[in-house]
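A.B. asks: When you get a sec, could you give me coordinates for this:
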Amino acid sequence: MYQYQQLAQALKSEILSGTLQKGDKLPSIRELAARYGVNKDTVQRALRSLKDESFIYAVEKSGFYVLKNSEPKPLKEFEEDYSQLPIEDLRICFNQSLASAHDLKLTKKEQASGMDELIQALMPILEEYGVYASKEQLVITTGTQQALYILLQLIQGKKVLLEQPTYARMNELVKHLNISYETIDRRIDGEIDLNRLEELFSSGKFSLFYTISRFHNPLGGSYSEATKKKIVELARRYSVYIIEDDYMADFVEGNATPLHYYDMDGRVIYVKSFSSILFSALKIGIVVLPKELVETFSMRKQWMDYDSNVMMQKTFTLFIENGMFEKHRKEMVGKYIEKSKRAKNWMISLGIHEGVLHGTQWVFKKNPIIEERLQTMKLKSKRLDDYFISKNAPSLERLDLTKIREI
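C.D. replies: Okay, the predicted model is just below:
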């Protein structure tokens, strides 16, 4: 065990035993270095380790304080781990936004499309995702949900085609708005039946096709590049708009591209939320629209949301411009890649061959052997019923392995 790990364990023992109580201030770095006979770098590394585990928190120009006196509980599936969030950086940006709140006045155009400086800041990020568009095509929304709600209003008497399974809230929106729909299966390997897709597109019944091209929710897989090209070509040929929900774009490895990258004819509507890389409370999303839809979309957005949370737009702008977003994204992606490797090794070590592992998402059909293994390890998988619009959903289960602390 390294020195910093020994020191972290010693401080953790004091916290768990109650010697150090919640709210107590820890000794200074200099005092800890002298007490344990280590250098300051070792102390700082030990404190970072405890901070990452949510045992302590930092107060600027004051020091470190005890956060809690109990072992962290294993996270439930999709429960956010706040120890990984850039709380301090966001607080700095928010305070700066608050200090200039009296100057946060949007033009009429910005009220419809979003703060111009945020759009400018997001354009290089979109290009990193493989999305190239003019500034005029970009609209800031209050999260993905708002964008999807507005887009479904633009169907004009035709149907929406939904991949199944898919994002649960999209299914809910379609039912809530009483939108006519049909479905197409997304296979467990992430692919889709292109012949069936062409058959549906060629019927002329659809104006929208909703799909998650990369890191599918809930299956975890992605389309191959050949499939992406074919889907975009079919959309052009049969005049169907594709809503591409790219929720997990930040975690894409290598040269994988979105559908939007292959779109030369304005058939792909790109939707992106930033809650996956930050946290769900940050209700900021962006939509990249074909030019002919920008005015209609912006007008409908103004009817329901005069100007998407201006303070959060300014905060996010500063977070990006100060390099904090890129720094945080690199850290999160690095941790995700490491977790993916561990997840693969974990399954190999247990001799698990059932289902499909995409990154850290293990999707499978439960059987008695798997059920017994999960019970032994006190793990609970989640049925994917909510991700199907039909009540007669296939019996699929998912376990998000990033949430298992032992991996």
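
A.B. asks: Which stretches in this structure count as strands?
C.D. replies: 56-59, 63-66, 138-141, 159-164, 181-185, 206-211, 241-245, 268-273, 285-288, 356-358, 361-364, 382-383, 397-400 (DSSP state E).

A.B. asks: Tabulate those in a markdown table, adding columns for mean pLDDT and mean neighbour count.
C.D. replies: All C-beta atoms are positioned from the backbone trio N, CA, C, and that covers glycine. Below are these laid out as a markdown table (pLDDT from 0 to 100; neighbours: other Cβ atoms under 10 Å):
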| stretch | mean pLDDT | mean neighbour count |
| --- | --- | --- |
| strand 56-59 | 86 | 16 |
| strand 63-66 | 90 | 18 |
| strand 138-141 | 94 | 24 |
| strand 159-164 | 96 | 21 |
| strand 181-185 | 97 | 16 |
| strand 206-211 | 97 | 22 |
| strand 241-245 | 97 | 24 |
| strand 268-273 | 96 | 26 |
| strand 285-288 | 95 | 25 |
| strand 356-358 | 88 | 18 |
| strand 361-364 | 90 | 22 |
| strand 382-383 | 89 | 14 |
| strand 397-400 | 88 | 20 |
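
A.B. asks: do you know which of those strands lies nearest residue 27?
C.D. replies: strand 63-66 (8.5 Å; Cβ to Cβ).

A.B. asks: Who are the packing partners of that closest one?
C.D. replies: helix 40-52, strand 56-59 (3 or more Cβ pairs under 8 Å, 6 or more residues apart in numbering; DSSP states H and E).

A.B. asks: let's see 6 Å
C.D. replies: If you count contacts as 3 or more Cβ pairs under 6 Å, 6 or more residues apart in numbering; DSSP states H and E, strand 63-66 packs onto strand 56-59.

A.B. asks: what separates the strand it packs on from the chain centre, distance-wise?
C.D. replies: Averaging C-alpha positions (Cα atoms, centre = their mean, to the nearest Å) puts strand 56-59 26 Å from its chain's average.

A.B. asks: Where does the prediction get shaky in this structure?
C.D. replies: Along the chain, the parts satisfying pLDDT under 70 run over 1, 68-84, 253-255, 306-308, 403-407.

A.B. asks: Phi and psi next, for the residue nearest in space to the middle of it.
C.D. replies: Nearest to the geometric centre of the chain sits residue 276, at 1.8 Å (Cα atoms, centre = their mean). When quoted as degrees, to the nearest 10, the phi and psi of residue 276 stand at phi -70, psi -30.

A.B. asks: how about it, what does it touch?
C.D. replies: Going by Cβ atoms under 6 Å, 6 or more residues apart in numbering, residue 276 touches 247, 248.
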